[in-house]
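Novice: Model the structure of this input:
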Amino acid sequence: MKTILVTGGMGFIGSHVCVSLLEQGLHVIIVDNLCNSNTEVLNRIDQITGKKPLFYPVNLLDEDALSAVFKRHNIDAVIHFAALKAVGESSCIPLSYYYNNITCSLVLFNVMEKYKVFNLVFSSSATVYGEHNPIPYVENYPLSATNPYGRTKVMIEEILQDAARADPRWNISLLRYFNPIGAHPSGLMGEDPNGIPNNLMPFITQVAVGKRDALNVFGGDYPTKDGTGVRDYIHVVDLALGHIKALEKLIASPNNNCVRSNSISAYNLGAGKGYSVLEVVKAFEKASGKKINYVISPRREGDLAEFFADVSKASEELGWKVERSLDDMCEDAWNWQSKNPEGYLS
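Specialist: Just a heads-up that it's a prediction; the model follows:
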């Protein structure tokens, strides 16, 4: 049985990926410092899969504690999620973002090298395409970013490119996410942000259950179909399955005879089309039967009018594509929030 270490595996995306890994018959170890997550996630993973991952409350800044995990287990691959990830917050406390995201990653990569673990799936972001590339975004575009969070992703990708050039043992997939929303269809797991949500869907769902009075829509005068920003939304379960496909390409899994690529590749994981903020609001109202009050607020600095992915590379090389619609995303998000109005504390 292959053993996969998942950093930040208690978070929204990480927890769904852990479910998919366990459903594939893989052994899962989670390291997470719980700064933006809850240990109840372990119970929910267990309820869904009948298996509970091993969990170590380790901060990646603690090299000794991380090394102890690697020493204790024969790890075949790492999926690296752990990072601070709020775009707006990153502009307010940039040094914290640079220190945490980059230093944590460097510690992890050094420990991996020490223990000869060279298979890595890295959680990157569409923010690495910056503001000047045409849409749809293609993986070979030049990288840039408009905020400190995005720049940490660009820098880490560049670090990994250098590592792969220097040592062919590295086997790396850079997965550039677009906008993950939705929740596990069981309603047991979903997005549970601390404080005021930074992302669209959890803000909508919290309005629907009465935790928030109204949704702030940042910008109503963009050159789009209804004046609101257009984004590429992907169901978190589809996103999780993209990680399975990327992992299969890196290592020989029980159900796959893929040849080791000994390389580094970037893949867009998105739906390949965009929806406006108001289109998402209307789809959610249809799914939930709830009226979502919203207020048009000024644009946020650095926000783009529209972007979405070209996903042909992931389709051709990984055999991956999205299977769930915007209606599915909204139905599953509402199923999660209505059953868990206070998130994992419900």
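
Novice: drop to CA atoms for contacts and neighbour counts, all remaining ones
Specialist: Will do.

Novice: Specify the helix with the largest residue count in this protein.
Specialist: The longest helix of the chain (DSSP state H) is helix 148-166.

Novice: what's the helix or strand that comes right after that helix in contact with?
Specialist: Beyond helix 148-166 on the C-terminal side, the first helix or strand identified by DSSP states H and E is strand 171-177. Residues outside strand 171-177 that contact it (CA atoms under 8 Å, 6 or more residues apart in numbering): 118-126, 157, 160, 164, 239, 243, 246, 250, 260-270.

Novice: Mind checking which of those are buried?
Specialist: Among the contacts of strand 171-177, the ones that count as buried by 16 or more other CA atoms under 10 Å are 118-126, 157, 160, 164, 239, 243, 246, 250, 262-264, 266-270.

Novice: So which elements touch the longest helix of the chain?
Specialist: helix 87-92, helix 94-97, strand 119-125, strand 171-177 (3 or more CA pairs under 8 Å, 6 or more residues apart in numbering; DSSP states H and E).

Novice: Measure how far the shortest one is from the centre of its chain, please.
Specialist: In other words, helix 94-97. On the basis of CA atoms, centre = their mean, to the nearest Å, helix 94-97 sits 20 Å off its chain's mean C-alpha point.

Novice: hey, what's Ile181 bridged with?
Specialist: His235 (DSSP bridges).

Novice: returning to that earlier point: okay, buried residues for the longest helix of the chain please.
Specialist: Across helix 148-166, burial judged by 16+ other CA under 10 Å covers 148-157, 160-161, 163-164.

Novice: Nearest to Asn179 among those residues?
Specialist: Among these, Gly150 lies closest to Asn179 (CA to CA), at 13.9 Å.

Novice: Grab the nearest non-local neighbour of the closest one.
Specialist: Distances taken as CA to CA, 6 or more residues apart in numbering put Thr127 closest to Gly150, at 5.2 Å, once the chain neighbours are dropped.

Novice: That neighbour should be in a helix, yeah?
Specialist: Yes - judged by DSSP: H, G, I helix; E, B strand; the rest coil, Thr127 forms part of a helix.

Novice: isn't it right up against Ala145?
Specialist: Yes - the pair Thr127 / Ala145 is scored as a contact, 5.9 Å apart, by CA atoms under 8 Å.

Novice: what about the helices in the chain?
Specialist: Under DSSP H, the chain gives helices at 12-23, 40-49, 63-72, 87-92, 94-97, 103-114, 148-166, 200-208, 236-250, 277-288, 312-313, 326-339.

Novice: which outside residues touch the shortest one?
Specialist: The set of residues external to helix 312-313 that reach it, using CA under 8 Å, 6+ apart, is 267-268.

Novice: Over to the first one?
Specialist: Around helix 12-23, the neighbours that count as contacts under CA under 8 Å, 6+ apart are 6-9, 27-28, 41, 45, 48-49, 51, 53, 81, 180, 184, 189-192, 236-237, 239-241, 243-244.

Novice: Put the buried members of those residues into a PyMOL selection.
Specialist: In PyMOL syntax, the buried subset of these is picked out as below (16+ other CA under 10 Å):
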select buried, resi 6+7+8+9+27+28+41+45+48+51+53+81+180+184+189+190+191+192+236+237+239+240+241+243+244
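
Novice: For Glu49, list the residues it contacts.
Specialist: Careful, residue 49 is Thr; it's not Glu. Counted by CA under 8 Å, 6+ apart, Thr49 has contacts 19, 22-23.

Novice: hang on, I meant Pro202
Specialist: Neighbouring residues of Pro202 by CA under 8 Å, 6+ apart: 191-193.

Novice: From Asp192, how far off is it?
Specialist: 7 Å (CA to CA, to the nearest Å).

Novice: separation between the closest residue to Asn198 other than its chain neighbours and Glu279?
Specialist: Nearest residue to Asn198, sequence neighbours excluded (CA to CA, 6+ apart): Ala86, at 6.4 Å. With the distance defined as CA to CA, Ala86 ends up 23 Å from Glu279.

Novice: cool, and Gly14?
Specialist: Separation of Gly14 from Glu279 (CA to CA): 27 Å.

Novice: now swap in Glu248 and tell me
Specialist: From Glu248 to Glu279 the distance is 35 Å (CA to CA).

Novice: So which of these two has more stuff around it?
Specialist: Set Glu248 next to Glu279 and count neighbours by other CA atoms under 10 Å: Glu248 wins out with 19 against 16.

Novice: Hmm, Asp162 and Ile264 touching each other?
Specialist: No - counting by CA under 8 Å, Asp162 is not a contact partner of Ile264; they are 10.1 Å apart.
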